[in-house]
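**Student:** sequence first, then the predicted structure, then my questions.
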Amino acid sequence: MSDNVIKLVIGSDEFKFWSSFSITRSIDTLDVFNFDAPFGENSGIKDAIKPLQFKPGQLFIDDELLSTIVLVNPLPTLNAESNSISVDGYSKPGVLNDCNIKQDRYPIQLKDQTLEQIANTLAVFFGVEVEFTGSSGAKFKKVKLEIDWKPLNFLIKLAKERGFLISNTVDGKLLFWKLNKKAVTTALKEGQTPLLSVTPNFSPQKYFSEVTGLSSRSVIKDPESVTIDNKNLSVNRPFAYRVKNRLFGADLKNAVKWKMGLMIGNAIKYSIVVQGLRDERGEIWKPNTFINLTAPSTYVNNETKFVIKNLTLSKGDAETTTMDLVLPESYSGEIPERLPWD
């Protein structure tokens, strides 16, 4: 049976036995982490991790690589009883969210390129590799990165129009992926271990009866638009928006379907806490996998499939995993056949 030993590797140095840790992984953002550890006069951790150096490292649970990371902020605390240090950071592609591309590389205008080609063009400036699951979709006719824009935010906007989520691989690549429809499903039920708690999070004002997307070239008198209906809502609550890039036909329809999916995900969320860091098969909990949840006390009246949007592996007094769940349709653009309370 696994001991769930969290190991931080920096070059040839290894550090274990944290007093507490928190590792957050997500389907659509980059890994972040925080560790706390005591240290004495001869402790190597304070010397190995110095402020404002952005040292690279790796995180392991036992001998399984969890994330390839950058150490961002060590904060030592001194008191009369003991000394401790808190260490936090993020996965290797996090630099794309912090920094801009050097001024001498501009202007950056990208014509007739796929999302994968655009991502590779930008990520290479920071020594970050890119990985795609499946085809990257149709080419963008023309896009431009402004000098004061962060590369990651720019890529996220483009990815949404092609139905992709952006995260990172365990070996530090920038990952573009879609919903894992073949993922193994774990069943959790109210009142049964390892499920500890279920908290619903509904956003009624972000829930609409239809979503209409208008092409960026559309005019009021003769708009090119696509409307997707939400069959689960009979009340008239329409929503319309203008697609920023010039999309037409099937590309415009796919963008609006994606917008509908995000609407569902923003409106219907659940947060759960389970014992331990691993599922019933002994695998470390991962985002982009499914959970069949039954919790009538929180409006999950019948067994309902959810996808893990993000999760936090943590240890303090006990080992627990906190997960945010959304309906799988949130990332497929389809309309749910039924809602959890139906």
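**Tutor:** On my side now, so go ahead. Numbers count the residues shown, from 1 in each chain.

**Student:** show the average pLDDT along stretch 319-329.
**Tutor:** For stretch 319-329, mean pLDDT is 96.

**Student:** equivalent analysis for stretch 193-205, please.
**Tutor:** 96.

**Student:** for it, give me every contacting residue.
**Tutor:** 188-190, 266-276, 293, 295, 297-300, 320 (Cβ atoms under 8 Å, 6 or more residues apart in numbering). Heads up, the C-betas are built off the backbone N, CA and C, glycines and all.

**Student:** buried ones in the longest helix anywhere in the chain?
**Tutor:** Ranked by residue count under DSSP state H, the longest helix found in the chain is helix 249-267. Using 16 or more other Cβ atoms under 10 Å as the burial criterion, the residues of helix 249-267 that qualify are 251-265, 267.

**Student:** tell me what it is packed against?
**Tutor:** helix 151-160, strand 210-214, strand 225-229 (3 or more Cβ pairs under 8 Å, 6 or more residues apart in numbering; DSSP states H and E).

**Student:** on that earlier part again, so which of the contacts of stretch 193-205 belong to helices?
**Tutor:** Going by DSSP H, the helices hold 266-267 from the contacts of stretch 193-205.

**Student:** re the thing from before, dump the helices and strands packed on helix 249-267 to a markdown table, plus mean pLDDT.
**Tutor:** Shown next, in a markdown table, are the helices and strands packed on helix 249-267 (pLDDT from 0 to 100):
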| stretch | mean pLDDT |
| --- | --- |
| helix 151-160 | 93 |
| strand 210-214 | 93 |
| strand 225-229 | 92 |
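
**Student:** adding distance to Lys92, write these out as TSV.
**Tutor:** Below are these laid out as TSV (distance: least, Cβ to Cβ, whole Å):
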stretch	distance to Lys92
helix 151-160	12
strand 210-214	34
strand 225-229	37
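
**Student:** in TSV: those, plus mean neighbour count and distance to Pro238.
**Tutor:** Output for the helices and strands packed on helix 249-267, formatted as TSV (neighbours: other Cβ atoms under 10 Å; distance: least, Cβ to Cβ, whole Å):
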stretch	mean neighbour count	distance to Pro238
helix 151-160	19	21
strand 210-214	20	5
strand 225-229	17	8
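
**Student:** so for Asp112, which of those sits nearest?
**Tutor:** Counting by Cβ to Cβ, Asp112 lies closest to helix 151-160 out of the helices and strands packed on helix 249-267; the figure is 13.9 Å.

**Student:** quick one: the closest one to helix 249-267, angle?
**Tutor:** If you take axes from the mean of the first three to the mean of the last three Cα atoms, to 10 degrees, helix 151-160 sits at 110 degrees to helix 249-267.

**Student:** render the CA-only coordinates of helix 151-160 in CSV, please.
**Tutor:** Extracted in CSV, the C-alpha atoms of helix 151-160 (Å, rounded to 0.1, in the frame of the first residue of the first chain):
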residue,chain,number,x,y,z
PRO,A,151,0.8,34.7,-24.1
LEU,A,152,-1.3,32.2,-22.0
ASN,A,153,-4.4,34.4,-21.8
PHE,A,154,-4.1,34.9,-25.6
LEU,A,155,-3.9,31.2,-26.2
ILE,A,156,-6.8,30.5,-23.9
LYS,A,157,-9.1,32.8,-25.9
LEU,A,158,-8.1,31.0,-29.1
ALA,A,159,-8.5,27.6,-27.6
LYS,A,160,-12.1,28.2,-26.5
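
**Student:** quick check: phi and psi at the closest residue to Val274 other than its chain neighbours.
**Tutor:** Of all residues not flanking Val274 in the chain, Pro194 sits nearest, at 4.4 Å (Cβ to Cβ, 6 or more residues apart in numbering). Per-residue torsions, Pro194: phi -90, psi 10 (degrees, to the nearest 10).

**Student:** Pro194: neighbour count?
**Tutor:** Using other Cβ atoms under 10 Å, Pro194 has 16 other residues around it.

**Student:** pull the helix or strand with minimum mean pLDDT from this structure.
**Tutor:** Within the chain, no helix or strand scores below helix 45-48, which has a mean of 78 by mean pLDDT, DSSP states H and E.

**Student:** understood, closing this out.
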